[in-house]
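A.B. asks: Here's my sequence, what's the structure:
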Amino acid sequence: MGNKVLVIDDEKAIRSVVKEILQAEQFDVEECANGEEALQKIQQTQYDILLCDIKMPKINGEELFEKINQLNYPTAFIVMSAHGDIDTAVKFMKAGAFDYLQKPFGLDKLIQTCKNAVSRNQTIQQKRTTTTKNKNTSETPEIIGQSEAIQKILRIIDKVALTDAKVLITGPNGSGKELVAKRIHALSHRSKNPFVEVNCAAIPSELIESELFGHEKGSFTGAVSQKKGKFELADGGTLFLDEIGDMSLSAQAKVLRAIQDNKIQRVGSEKDIVVNVRLIAATNKNLKEEIKKQLFREDLYHRLNVIHIAVPPLNERREDIPLLIEYFSKQFAEQHKVPVKAFDKKSKEFLKNMDYTGNIRQLKNIIERLYVLCEGDVITSSELEMYCYEY
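C.D. replies: Predicted structure coming up:
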């Protein structure tokens, strides 16, 4: 038999029909009548696909999905929903479920959805295997964290990376938005092509259009030669527009046209250039508030906001701080060519309870500072207080 499927539904007739159909397609199918029974099974067996009803006794579909996410259980979760549960099913999708089937669903729809799930699983596995084999040349950026917020982000990344869907990443400065964008690119079919980043906040408004779309020689003072823009340089790959909330309205209009038509024009030219880029944008601003202030185009917002990934501040995921300390500690030990330093109990508590207004970037800087200034093999809370007083 082939891929393992668990059908979870309190209606025996539905379980039996689904099992019979999928077994005829060479799936290895088991069934159970509620979420409690399903939870026991998945703790003993690895299933490739979970087909789950929403309304069930004991543990319902929504509660089961939350528990599976907490376990970081790798599977394609497919919701089976009645007509009145569509809004709930959509909530599942936003939270990382693979797909949903509206009851009553047809035989072909069931089979195709399960085959799509298998294909998704295989692609993810192949990509991970390839990444492992080629770590020196194409290493996938690692996102550190065991919190539910980070695990949810990782599940969304795995899913969205297999598509060319536009992604809007929001979150405060230093929270890791760029890392999310790079991981999406690294896991995508575009990974061998360029990842081009533009910091929209760092480029003067009068130069942003030239930076994005390029310019022709003599098109303005200082344009001494023809120049390709970031859209052209990212052709076939991914264009990451960081801090897009700081982009001028005139540049926003041209970005919108480029997204709609897959074409750009260099400054000083009327010739269309066809481009094929996957667009990811990020901002630390509330774009809905910027729209109200007429500082951001609403039509561009809706074009970008196909998939939304909200990266939380470090203060909201403190359970990840010990893992991040360990990760940065190993990184700076290697970088500064010194043994890995230990942190005593009080210093770990000190770091865990700090106010991280600068988020992960702040914690990273603190760990590097301690590696530079502390001479012993164990970092104490008194040294932390001495060297990190301004934090």
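
A.B. asks: Give me the below-cutoff pLDDT ranges for the chain.
C.D. replies: Along the chain, segments meeting pLDDT under 70 span 1-2, 72, 83-85, 123-138, 389-391.

A.B. asks: care to break it down by domain?
C.D. replies: 4-128, 148-310, 315-387 (automatic domain parsing).

A.B. asks: In this structure residue 100 contacts residue 82, no?
C.D. replies: No - the pair residue 100 / residue 82 is not scored as a contact, 10.9 Å apart, by Cβ atoms under 8 Å. Where you see a C-beta, it was placed from the backbone N, CA and C, and this is true even at glycine.

A.B. asks: The two - which one has more neighbours?
C.D. replies: The residue with more neighbours, out of residue 100 and residue 82, is residue 100; 21 against 14, by other Cβ atoms under 10 Å.

A.B. asks: who's in contact with stretch 142-153?
C.D. replies: 69-70, 72, 95-96, 154, 157, 176, 179-180, 183, 309, 311-312, 316-317, 319-320, 323-324, 327 (Cβ atoms under 8 Å, 6 or more residues apart in numbering).

A.B. asks: again with stretch 270-281
C.D. replies: Contacts for stretch 270-281 (Cβ under 8 Å, 6+ apart): 164, 166-169, 181, 184-185, 188, 190, 231-232, 234-242, 244, 258-259, 261-266, 304.

A.B. asks: And the buried ones among the residues you listed, selectable in ChimeraX?
C.D. replies: The ChimeraX selection below is limited to those of those classed as buried (16 or more other Cβ atoms under 10 Å):
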select :166,167,168,169,181,184,185,188,190,231,232,234,235,237,238,239,240,241,242,244,258,259,264,265,266,304
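
A.B. asks: Phi and psi next, for residue 33.
C.D. replies: Dihedral angles of residue 33 (phi, psi; degrees, to the nearest 10) stand at phi -100, psi -10.

A.B. asks: distance of residue 33 from residue 52?
C.D. replies: Going from residue 33 to residue 52 by Cβ to Cβ, to the nearest Å gives 12 Å.

A.B. asks: Looking at those two, which is more packed in?
C.D. replies: residue 52 (27 against 18).

A.B. asks: hang on, isn't that one packed against residue 39?
C.D. replies: No - with contact defined as Cβ under 8 Å, residue 52 does not count as touching residue 39 (11.2 Å).

A.B. asks: hang on, the earlier thing: among the contacts of stretch 270-281, which are in helices?
C.D. replies: 181, 184-185, 231-232, 258-259, 261, 304 (DSSP state H).

A.B. asks: is it possible to export those to CSV including distance to residue 114?
C.D. replies: Listed next are the ones in helices among the contacts of stretch 270-281 as CSV, based on distance: Cβ to Cβ, whole Å:
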residue, distance to residue 114
181, 31
184, 25
185, 29
231, 38
232, 41
258, 37
259, 33
261, 37
304, 32
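
A.B. asks: so which of those residues comes closest to residue 215?
C.D. replies: Nearest to residue 215 among the ones in helices among the contacts of stretch 270-281 is residue 232, at 11.3 Å by Cβ to Cβ.

A.B. asks: thinking again about what came up before, name the residues contacting each of residue 33 and residue 52.
C.D. replies: Common neighbours of residue 33 and residue 52 (Cβ under 8 Å, 6+ apart) are 8-9.

A.B. asks: Nearest to residue 224, out of the ones in helices among the contacts of stretch 270-281: which one, please.
C.D. replies: residue 232 (18.6 Å).

A.B. asks: check contacts around the closest one.
C.D. replies: By Cβ under 8 Å, 6+ apart, residue 232 lies in contact with 214, 264, 273, 275.

A.B. asks: Looking at the residues you listed, spot the one nearest residue 56.
C.D. replies: Of those, the one sitting nearest to residue 56 (Cβ to Cβ) turns out to be residue 275, at 48.3 Å.

A.B. asks: so where does the residue nearest the centre of the chain fall, helix or strand?
C.D. replies: Central residue of the chain (Cα atoms, centre = their mean): residue 157, 3.5 Å from the mean position. Taking DSSP states H and E as the definition, residue 157 sits inside helix 148-160.

A.B. asks: for residue 295, same thing?
C.D. replies: Applying DSSP H and E as the criterion places residue 295 outside every helix and strand.

A.B. asks: now residue 217
C.D. replies: Going by DSSP H and E, residue 217 is not in any helix or strand.

A.B. asks: thinking again about what came up before, right, and the residue nearest to the centre of the chain touches residue 182 too?
C.D. replies: No - taking contacts as Cβ under 8 Å, residue 157 lies outside contact range of residue 182: 10.3 Å.

A.B. asks: so how far is residue 102 from residue 306?
C.D. replies: Look at residue 306 and residue 102: by Cβ to Cβ, they are 22 Å apart.

A.B. asks: next one: residue 92
C.D. replies: Distance, residue 92 to residue 102, by Cβ to Cβ: 12 Å.

A.B. asks: out of the two, which sits in the busier spot?
C.D. replies: Comparing residue 92 with residue 102 by neighbour count (other Cβ under 10 Å), the higher total belongs to residue 92, at 22 against 14.

A.B. asks: Report the buried residues of the helix or strand hosting the more buried one.
C.D. replies: Counting by DSSP H and E, the element that carries residue 92 is helix 86-94. Within helix 86-94, the residues scored as buried using 16+ other Cβ under 10 Å are 88-89, 92.
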